[in-house]
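Trainee: need coordinates for the below:
(chains A and B)
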2 protein chains.
Amino acid sequence: MRNITEDNLTQVVLDRTDIPDGRTKDFIDKLITHVHAFVRDFEPTEEEWFKAIDFLTRTGHMCTGTRQEFILLSDVLGVSMLVDAINHRNMDGATETTVTGPFHTDAPPMEMGAMIATGPEAERGEPSVVRGRITDIDGNPIKGATVDVWQSDDIGYYDTQDVNQPEINLRGLFTTGEDGEYWFRTIKPLYYPVPTDGPVGELLKAAGRHPMRPAHIHFWIKADGHEQLITHIFVEGDEYIESDAVFGVKDSLVMDFIPNDSQEEAAKYDFEAPFYEVEYNFALKKTE
Amino acid sequence: MRNITEDNLTQVVLDRTDIPDGRTKDFIDKLITHVHAFVRDFEPTEEEWFKAIDFLTRTGHMCTGTRQEFILLSDVLGVSMLVDAINHRNMDGATETTVTGPFHTDAPPMEMGAMIATGPEAERGEPSVVRGRITDIDGNPIKGATVDVWQSDDIGYYDTQDVNQPEINLRGLFTTGEDGEYWFRTIKPLYYPVPTDGPVGELLKAAGRHPMRPAHIHFWIKADGHEQLITHIFVEGDEYIESDAVFGVKDSLVMDFIPNDSQEEAAKYDFEAPFYEVEYNFALKKTE
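Mentor: Take a look at the predicted model:
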């Protein structure tokens, strides 16, 4: 083929592939089709094309063992939540999912009720009790479910971002008993910005968008015979609850952190009043 | 916005931006629109999404000062030639363009007629004389045009890829006189594969495509008052002339390398017969 023109080029590229039917063929054909459609629609100058090449290159160079700039790009473009939505169409009453985010690390197993805030934020933050049950979608408690939690502190940092926090902090791994119940003590998380010192930060700035995520606690729940559940509990009333930079908020995941002024109740948790209480029950689908 | 669904997500992401009308707004809106359309069309699993993240990350990590894997990705997907086509719609009789490729480096100025093959390939290869004229689109010769040429050797390597070649080899920079003529001596180039040891190689393999580019000589021609011209001369009859891995072949750029068996003629060029001759005239548009 040596008479390739603007008109026939996309078809020539599609025709060049030689792949058996299946997901790989479907992916490559649709990649070519949609990337060409984007280029034909935007009509970049050669200089703009090179700026895009440079953006992708710098995004790749920003990725390390502890930083994933392409996932962040996917997140802020709403792609991660679109993939989430496509893969969780039929919830059948199971708890809704949201993004995993880049801050998960393995937490140590803890006794139910443990205080996961063990750094300087424990003094500064607003003490909170988080509790609930892990059940199947019919409400039957699941024994032996592991509840992996992680969150930012009262100034918006995860332990991995902040040298002033203990090495493992505001993380915990809890295993349910017969009743399916979990509970732990922590501090109320705060909103925080996604990392803005890389190409994704430039993109957000160019798009006139703020980088903030509303306050939340991450949950990753696993139980034999059930689909795993990756989600958050968001804090009702957060300044950014309507404008999450990664579009992760779902109404069913937003919870009131209810203040409790009783010094007597607080003492039960080794807290000073006032403290906050939030209860959230998670329902898991059985695996097919 | 906390009731984001698969249906409204794309619009929510589009609405979040706050950009004045212009190219930046156009780019970001179309990026969101087309990337979402691709995801909605392909419907990746979460595992497939992560494979795509990993592919982009590895592509970025492959990019160095001397290797540009994202440009290679753009090339093999036909995106580079699509951008080329969009930006060169009205040739008005000027010579057609093709991809720049990743192998250009600055060549030293040379006397007209110089032999640019100065390594072991000079002994092995098929000696060739390349000549022609640089004119405007009305055929008037351009004086002082710089003709920057570079090519692979007789086994398909550029100097920058091959420790057995001199540091600067098979490159030259010629400046035209009053007559607009250029000429130099070289060897016939050979087809070669684009680099296949990275993610783009994996993609080509998955697509059932070969990585070969048909033999060619690169030209980058600049002249005051004229648009620069980046193009190739391809060798007629090359095994891969119909299936260039980067879709760069245009019929007007494919030339016969005409064999000449005259020992007398060969001697004029300090060659042994047989040798090859190719003549190509380049026409440049005036800048507006």
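Trainee: which of the helices or strands spans A:F184?
Mentor: Assigned by DSSP states H and E, A:F184 belongs to strand A:181-187.
Trainee: give me every residue that touches the residue of the stretch 1-150 of chain A found nearest chain B.
Mentor: Distances between the stretch 1-150 of chain A and chain B by CB to the nearest CB are smallest at A:G60, namely 0.9 Å. Where you see a C-beta, it was placed from the backbone N, CA and C, and this is true even at glycine. Counting by CB atoms under 8 Å, 6 or more residues apart in numbering or on different chains, A:G60 makes contact with A:69-70, B:56-61, B:63, B:70.
Trainee: work out for me the element it sits within.
Mentor: helix A:46-62.
Trainee: so for the following helix or strand past that helix, what's the average pLDDT?
Mentor: Later in the chain than helix A:46-62, the nearest helix or strand by DSSP H and E is helix A:69-76. For helix A:69-76, the mean per-residue pLDDT is 97.
Trainee: so helix A:69-76 versus helix B:46-62, what angle?
Mentor: Calculated by axes from the mean of the first three to the mean of the last three CA atoms, to 10 degrees, helix A:69-76 forms an angle of 130 degrees with helix B:46-62.
Trainee: one step back: tell me the mean pLDDT over the helix holding A:G60?
Mentor: Rounded mean pLDDT across helix A:46-62 is 97.
Trainee: how far off centre is it?
Mentor: Centroid displacement of helix A:46-62 relative to its chain, using CA atoms, centre = their mean, to the nearest Å, is 26 Å.
Trainee: dump that helix to PDB, keeping only the CA atoms.
Mentor: The C-alpha coordinates for helix A:46-62 follow below in PDB (Å, rounded to 0.1, in the frame of the first residue of the first chain):
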ATOM      1  CA  GLU A  46       2.800  19.000  14.500                       C
ATOM      2  CA  GLU A  47       3.800  21.100  17.500                       C
ATOM      3  CA  GLU A  48       0.700  20.000  19.400                       C
ATOM      4  CA  TRP A  49       1.300  16.400  18.500                       C
ATOM      5  CA  PHE A  50       4.800  16.700  20.000                       C
ATOM      6  CA  LYS A  51       3.400  18.300  23.100                       C
ATOM      7  CA  ALA A  52       1.200  15.300  23.600                       C
ATOM      8  CA  ILE A  53       4.200  12.900  23.100                       C
ATOM      9  CA  ASP A  54       6.100  14.900  25.600                       C
ATOM     10  CA  PHE A  55       3.200  14.800  28.100                       C
ATOM     11  CA  LEU A  56       2.900  11.000  27.900                       C
ATOM     12  CA  THR A  57       6.700  10.600  28.200                       C
ATOM     13  CA  ARG A  58       6.900  12.800  31.300                       C
ATOM     14  CA  THR A  59       3.900  10.900  32.800                       C
ATOM     15  CA  GLY A  60       5.700   7.700  32.300                       C
ATOM     16  CA  HIS A  61       8.900   9.100  33.800                       C
ATOM     17  CA  MET A  62       6.900  10.200  36.900                       C
END
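Trainee: endpoint to endpoint, stretch A:155-170 covers what distance?
Mentor: Length of stretch A:155-170, first residue to last, CA to CA, to the nearest Å: 13 Å.
Trainee: what residues sit buried inside that stretch?
Mentor: When burial is assessed from 16 or more other CB atoms under 10 Å in any protein chain shown, stretch A:155-170 yields the following buried residues: A:156-160, A:162, A:165, A:168-170.
Trainee: with distance to A:I142 added, can I get these in TSV?
Mentor: Putting those into TSV (distance: CB to CB, whole Å) gives the following:
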residue	distance to A:I142
A:G156	33
A:Y157	32
A:Y158	28
A:D159	28
A:T160	30
A:D162	34
A:Q165	32
A:I168	26
A:N169	28
A:L170	25
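Trainee: which one of these is nearest to chain B?
Mentor: Among the buried residues of stretch A:155-170, and counting by CB to the nearest CB, the member closest to chain B is A:T160, at 18.7 Å.
Trainee: correct me if wrong, but that closest one is in a helix.
Mentor: Yes: applying DSSP: H, G, I helix; E, B strand; the rest coil, one finds A:T160 inside a helix.
Trainee: give the contact list for it.
Mentor: Residues in contact with A:T160 (CB under 8 Å, 6+ apart) are A:66, A:103, A:105.
Trainee: highest neighbour count among those?
Mentor: Neighbour counts for those (other CB atoms under 10 Å in any protein chain shown) peak at A:F103, which has 18 neighbours.
Trainee: ramachandran coordinates for that one?
Mentor: A:F103 adopts backbone torsions of phi -110, psi 10, taken as degrees, to the nearest 10.
Trainee: and if you look at A:L31?
Mentor: Main-chain dihedrals, A:L31, degrees, to the nearest 10: phi -60, psi -50.
Trainee: now do the one 3 residues further on
Mentor: Phi and psi for A:H34, reported as degrees, to the nearest 10, are phi -80, psi -40.
Trainee: same thing with A:A215?
Mentor: Per-residue torsions, A:A215: phi -60, psi 140 (degrees, to the nearest 10).
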